[in-house]
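1. below are the sequence and a predicted model; questions follow.
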Amino acid sequence: MFDPIPVIIYTDGACAGNPGPGGWAAILRYGAHERVLQGGASLTTNNRMELRAALAALQALTRPCAVELHTDSEYLKKGITQWLAGWIRNGWCTSKKESVKNRDLWQALHTATRPHQITWQWVKGHAGDEFNERADRLAVAALNSIGVKGRPDMDGPDAAAPE
């Protein structure tokens, strides 16, 4: 049996309008190694881009890891650490009996977390954290390149049209 590999991940999402074109980025660091992931969508929300960044980072890991994931999204951190278990227990409904927004990504994220030991760290955005600032710049760059040309990435039955 192998010990989990220690990996530090920094994620961020960006959106021009909400909904609008968006981008996401993740920086994965393992020792002296680093990998950058980016993506985007032509029509999406800031929350979907935050979730996509974390999901892509976790899906890129090929073995069980001890992950320290840094995000400036309270939605992502609270969702995964405080709300997810209740949503699952309630059949993917919130405490107000409403359908969970971005359920597709939350379900995928839940699956992607299973092989790993993850510590979720919230960092204040735009407050000088070197890697959070870099992830932000990469997400904005993805928005400006991939996001403006990419496919839509929306949630729900009316996914092609903004709410």
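-> Yep, it's here. Just so it is clear, the model here is predicted, and its values are computed rather than measured.
2. other SSEs contacting the lowest-mean-pLDDT helix or strand in the chain?
-> When each helix and strand of the chain is scored by mean pLDDT, DSSP states H and E, helix 148-149 comes last, with a mean of 74. Applying 3 or more C-beta pairs under 8 Å, 6 or more residues apart in numbering; DSSP states H and E, one finds that helix 148-149 contacts strand 33-44. Where C-beta positions appear, they are placed from N, C-alpha and C, glycine not excepted.
3. buried residues of the strand it packs on, list them for me.
-> Judged by neighbour count (16 or more other C-beta atoms under 10 Å), strand 33-44 contains these buried residues: 37-44.
4. CA atoms only: put the helix or strand where His70 lies into PDB for me.
-> Element membership for His70, per DSSP states H and E: strand 65-71. Below are the C-alpha coordinates for strand 65-71, written out as PDB (Å, rounded to 0.1, in the frame of the first residue of the first chain):
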ATOM      1  CA  CYS A  65      -3.400  12.000  -2.900                       C
ATOM      2  CA  ALA A  66      -3.300  14.000   0.300                       C
ATOM      3  CA  VAL A  67      -4.700  17.200  -1.200                       C
ATOM      4  CA  GLU A  68      -4.600  20.700   0.200                       C
ATOM      5  CA  LEU A  69      -7.100  22.600  -2.100                       C
ATOM      6  CA  HIS A  70      -7.100  26.400  -1.900                       C
ATOM      7  CA  THR A  71     -10.100  28.300  -3.200                       C
END
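5. give me the contacts around whatever helix or strand comes next after it.
-> Using DSSP H and E, the helix or strand that follows strand 65-71 in sequence is helix 74-78. Helix 74-78 is touched from outside by 11, 47, 50-51, 54, 71, 120-122, with contacts defined as C-beta atoms under 8 Å, 6 or more residues apart in numbering.
6. pLDDT weak spots in the protein?
-> Along the chain, the parts satisfying pLDDT under 70 run over 1-2, 147, 155-163.
7. hang on, the earlier thing: mind putting the buried residues of strand 33-44 in a markdown table, distance to Leu61 included?
-> Putting the buried residues of strand 33-44 into a markdown table (distance: C-beta to C-beta, whole Å) gives the following:
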| residue | distance to Leu61 |
| --- | --- |
| Leu37 | 11 |
| Gln38 | 17 |
| Gly39 | 16 |
| Gly40 | 21 |
| Ala41 | 23 |
| Ser42 | 28 |
| Leu43 | 29 |
| Thr44 | 24 |
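8. how about the strands in the chain?
-> Taking DSSP state E, the strands of the chain run over residues 5-15, 20-30, 33-44, 65-71, 117-122.
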